[in-house]
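1. Turn this into a structure:
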Amino acid sequence: MLGGRLHSVMKYSLAAGLIGGTALSLRGNQYQLDSIGIVRLSRAASTVFQIGIIYKIDLYGQHLDKKSIEYTELKSVCHKRAAEKLLKLCCTNKGVYIKVGQHIAALEYLLPSEYVETMKVLHCHAPTNEIEEVYKVIKEDLKKDPFEIFESIETEPLGTASLAQVHKAKLKDGSTVAIKVQHPYVQGNSRVDMKTMEYLVKMMSWVFPEFKFQWLVDESKKNIPRELDFAQEGHNAEKIASLFGDVEWLKVPKVRWDLTTPRVLTMDFVEGGQVNDLDYIREHNINPKEVSDKLGKLYSRMIFIHGFVHSDPHPGNILVNKSDNGYCNIVLLDHGLYADLKDEFRVEYANLWLSILNRDRRAMRQHSKNLGIDGDAYGLFACMVTGRTWDSITRGIDKYIRDIDGTFGFKKEVFALLKEKTCHTEEWQKHGCLLVDECKIYPT
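-> Numbers count the residues shown, from 1 in each chain. From the prediction side, this is the model:
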């Protein structure tokens, strides 16, 4: 039965991409082989077929007791093999596939660890383009030869992501900048790739009913067009810099608007090491606890005060360096995707955090339900939100989030939001008392 379904997946996937996929992709990419819709779709469909065979023959075909150690070990091996095939597909098709692979790498509580660990390489080792392709995009968008604008451009990228790569460069006036240049194939391929992935996810859901990832496709379809507009990214950077204008330790590189287009973003270059680079942190005598505290304060304020949240906070997008006064700075990069949180969501999310901090399971369940998480899944949701085990949550998570000066800065942000949104109500009185008891923080 499963084999028949897999055969159908392959056959109908190829047929579906023949007309629409080829036409869309050829028009945007001058007939490059890897940009032909049917080639990309066939590659994806073939990978799905191979992954299905791994599970059908090598796992389910062994007819092992699902509670046995042998089955568990074999399942892990199959997960690893399937994940490696998926990684190869992402690296070959690039673009949107890399982006989705990065999302998979972040789903630690939803996917087998073999998939998560395999895909993590995409956060810092995405495929790069030749420098000539970078020059071509710059010339097309800025309407000048790159070396009429730049004194020099380093050929080795500082980093490569799913949709672009970044190069360090020096302007004619001697100032140093970072140029983010979109991969030339992304725009032309993005529409057909999203259609392909949507189709393949539906096919996988048919073959494996427990495979429910249409939401990931829906989010990608909504967000990728935003991330492909680098001018919008520049506006996001300026907005977050303005919102945190009073925070000296947050650094957002300045946008060079005269050298910015939807495919090219030029910003001042800022030195720093990745936030998870412990060797860099030790070499520069930066206090890791201070880094952790400032990140907590940064995101707490984004969520609970401004409702404008940087939505791609992997280590490559957050740098640290040491300021002249001896404290650490946080450098925030890649402003392509922000979430605008509604007041109703923020208040409910704040209430959820209070229930977690107070170890109130009934309230956790209720506020999780209000956020769309029904039933006993509230415990898993609490673990995902906090990044902690259920055991640490039930023992008391507040011991883990105390600030470097001994106060509870995170709770202050929650307190401020609830005070603003529920002031002079019975609900505010209740939560105010909870916070006073828990944190010894008093209304101002």
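
2. Poorly predicted segments of the stretch 151-300 of the chain, please.
-> Low-confidence segments of the stretch 151-300 of the chain, defined by pLDDT under 70: 204, 206-211.

3. That one: strands as residue ranges?
-> Secondary structure of the stretch 151-300 of the chain (DSSP state E, counting those that start in this stretch): strands at 159-160, 164-171, 176-182, 250-251, 264-268, 273-274.

4. Looks like E238 contacts P253 (just checking).
-> No - between E238 and P253 no contact is recorded; they are 10.6 Å apart, counting by C-beta atoms under 8 Å. Placement of C-beta: from N, CA and C, glycine included.

5. which of those two has more neighbours?
-> For E238 against P253, the residue with the higher neighbour count under other C-beta atoms under 10 Å is P253, and the figures read 20 against 15.

6. which stretch among the strands of the stretch 151-300 of the chain comes nearest I303?
-> Closest approach to I303 among the strands of the stretch 151-300 of the chain (C-beta to C-beta): strand 250-251, 15.1 Å.

7. The spatially most central residue of the chain: which element?
-> Within the chain, one residue has its C-alpha closest to the average C-alpha position: by C-alpha atoms, centre = their mean, that is D312, at 3.8 Å. Under the assignment given by DSSP states H and E, D312 is not contained in any helix or strand.

8. Please name the residues that touch it.
-> D312 makes contacts with 334, 336-337, as judged by C-beta atoms under 8 Å, 6 or more residues apart in numbering.

9. looking at those, which has the most residues close by?
-> Within these, neighbour counts (other C-beta under 10 Å) peak at G336, which reaches 26 neighbours.

10. which SS state does it fall under?
-> When states are read from DSSP: H, G, I helix; E, B strand; the rest coil, the local structure at G336 comes out as coil.

11. Not counting its neighbours along the chain, what's nearest it?
-> Closest residue in space to G336, ignoring its immediate chain neighbours: E227 at 4.0 Å, by C-beta to C-beta, 6 or more residues apart in numbering.

12. how far away is the one you found from S392?
-> Distance check for E227 against S392: by C-beta to C-beta, to the nearest Å, it reads 34 Å.

13. Looking at these two, which one has more neighbours?
-> The neighbour comparison of E227 against S392 (other C-beta under 10 Å) goes to E227, with 25 against 14.

14. ok, now how distant is that one from G95?
-> 11 Å.

15. where do the contact lists of these two overlap?
-> With the criterion set as C-beta under 8 Å, 6+ apart, the overlap between the contacts of E227 and G95 is L163.

16. pretty sure N329 belongs to a strand, no?
-> Yes - counting by three-state DSSP, N329 is part of a strand.

17. hang on, the earlier thing: quick one: the residue nearest to G336 from T160, how far?
-> Relative to T160, E227 is positioned 15 Å away (C-beta to C-beta).

18. for K88, same thing?
-> From K88 across to T160, the span is 17 Å (C-beta to C-beta).

19. Please say which of those two ends up with more neighbours.
-> Neighbour tally, K88 and T160, criterion other C-beta under 10 Å: the higher count belongs to T160, 21 against 12.

20. before we move on, back to that, wait, isn't the residue nearest to G336 in contact with H335?
-> No - no contact is recorded between E227 and H335 when judged using C-beta under 8 Å, the distance being 9.9 Å.

21. Show me the common contact partners of those two, please.
-> Listed as contacting both E227 and H335 by C-beta under 8 Å, 6+ apart are E233.

22. Chain neighbours aside, what residue packs nearest to V255?
-> The shortest distance from V255 to any residue that is not its chain neighbour, by C-beta to C-beta, 6+ apart, is 4.2 Å, and that residue is G234.

23. Could you tell me which residues make contact with the one you found?
-> Neighbour list for G234: 255, 257, 260, 265, 267, 335 [criterion: C-beta under 8 Å, 6+ apart].

24. Quick one: the strands in the stretch 301-444 of the chain, in order.
-> In order along the chain, the stretch 301-444 of the chain carries the following strands (DSSP E, counting those that start in this stretch): 308-310, 318-322, 328-332, 338-340.

25. Quick one: distance of the first one to the chain centre.
-> Computed by C-alpha atoms, centre = their mean, to the nearest Å, the separation of strand 308-310 from the middle of its chain amounts to 12 Å.
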